[in-house]
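*Asks:* Fold the following for me, if possible:
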Amino acid sequence: MPFAIDHVHIRATDPQASAAWYEQHFDAKILGAREVMPGTITVSMQMGGEVRLNISSAPAGSSDQRGNAELNHLGLEHFGFGVDDLAAKLANLEQAGVRIVLPSTEIASGARLAYIEGPDDVLIELVQSA
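*Replies:* Below you'll find the predicted structure:
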């Protein structure tokens, strides 16, 4: 059986507020919220493809150390969303006060990409295919 990515999982101080941000900016749909690990809530979201986005509160005793929305570290650096019109999406996000980490950049294939900061210090790549 081939392996496929099932979901991306984010830890958040306020999963409901983070989920609302993805609804507002990326048309995500909340599928439900439930306790997965004792004392935590996980909001599961459909993002328009087969991969779900799960946003959970931190379990008791978790470190309060945060990641960073920068292009300068090892481990999971970012995840990406495909967009039809990168310039329009960036203008919309910038107007909403979302930090643009890397403005629109054309790569060798002719595709365009940019990076933004999502809630909970998550780095998100936006990709417009060539």
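
*Asks:* Going by C-alpha atoms from here, please, whenever you check contacts or count neighbours.
*Replies:* OK.

*Asks:* Tell me the buried residues in the helix of greatest length in the chain?
*Replies:* Using DSSP state H to define each element, the chain has its longest helix at helix 15-26. Of the residues in helix 15-26, 15, 16, 18, 19, 22, 23 count as buried by neighbour count, 16 or more other Cα atoms under 10 Å.

*Asks:* same question, stretch 2-19
*Replies:* Buried, per 16+ other Cα under 10 Å, within stretch 2-19: 10, 11, 12, 15, 16, 18, 19.

*Asks:* with those residues in mind, which one is nearest to residue 42?
*Replies:* residue 15 (7.1 Å; Cα to Cα).

*Asks:* The closest one against residue 45, yeah?
*Replies:* No: contact status for residue 15 versus residue 45: not in contact, 11.1 Å apart, counting by Cα atoms under 8 Å.

*Asks:* So the chain: which segments form each domain?
*Replies:* 7-56, 79-128 (automatic domain parsing).

*Asks:* Can I get these in JSON lines including distance to residue 62?
*Replies:* Shown next, in JSON lines, are those (distance: least, Cα to Cα, whole Å):
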{"stretch": "domain 7-56", "distance to residue 62": "10"}
{"stretch": "domain 79-128", "distance to residue 62": "15"}
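
*Asks:* Save those domains as TSV, and put in mean pLDDT too.
*Replies:* Putting the domains of the chain into TSV (pLDDT from 0 to 100) gives the following:
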stretch	mean pLDDT
domain 7-56	94
domain 79-128	96
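
*Asks:* Understood, closing this out.
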